[in-house]
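> Structure for the following, please:
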Amino acid sequence: MKVGDLVHFKCIGAGKTDKPPYSQDGEWRIGIIVRKNYDHPTYMPFEVFHIFYRGEVFSALKDNCSLLQEVNQ
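Down below sits the predicted model:
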């Protein structure tokens, strides 16, 4: 996955944009990767994606993200 990819992701923090708030927790959401972090493998041994969703940017672990076409198969 790279910046600009459309992804399905799970992120509890994104629930604050739900109507009512947090009503879709555990659901896959669709967003666009705007940045990846993997700068310090020693201190942060996991990849984090920053995803644009409903006008805000949320952080999600790589394990909680998949390319949109992968989920639909």
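> Residue 65 - how many residues pack around it?
Around residue 65 there are 23 other residues, counting by other C-beta atoms under 10 Å. For the C-beta atoms, the positions are set from N, CA and C on the backbone; glycine is no exception.
> Sorry, wrong one. I was asking about residue 26.
Residues near residue 26, counting by other C-beta under 10 Å: 8.
> Then residue 28?
Residue 28: 14 neighbours (other C-beta under 10 Å).
> Test my guess that it contacts residue 11.
No. Using C-beta atoms under 8 Å, residue 28 makes no contact with residue 11, being 10.2 Å away.
> buried stuff in the helix or strand where residue 32 lies?
Secondary structure assigned from DSSP states H and E places residue 32 in strand 29-37. Within strand 29-37, the residues scored as buried using 16 or more other C-beta atoms under 10 Å are 29, 31-33.
> Determine which two of these are furthest apart.
Spatially, the most separated pair among these is 29 and 33, at 12.7 Å (C-beta to C-beta).
> Could you pull out the helices in this structure for me?
Assigned by DSSP state H, the chain shows helices spanning 68-72.
> Would you mind listing where the protein has pLDDT under the threshold?
Within the chain, the segments meeting pLDDT under 70 span 39-44, 70-73.
> which one is residue 56 nearest to, not counting chain neighbours?
residue 17 (6.7 Å; C-beta to C-beta, 6 or more residues apart in numbering).
> From what I see, that neighbour and residue 31 are in contact.
No. Using C-beta under 8 Å, residue 17 is not in contact with residue 31, being 10.8 Å away.
> Now list whatever residues contact both of these two.
residue 53 (C-beta atoms under 8 Å, 6 or more residues apart in numbering).
> Show the contacting residues for the residue nearest to residue 56.
53-56.
> 10 Å - rerun?
24, 29, 53-56, 58 (C-beta atoms under 10 Å, 6 or more residues apart in numbering).
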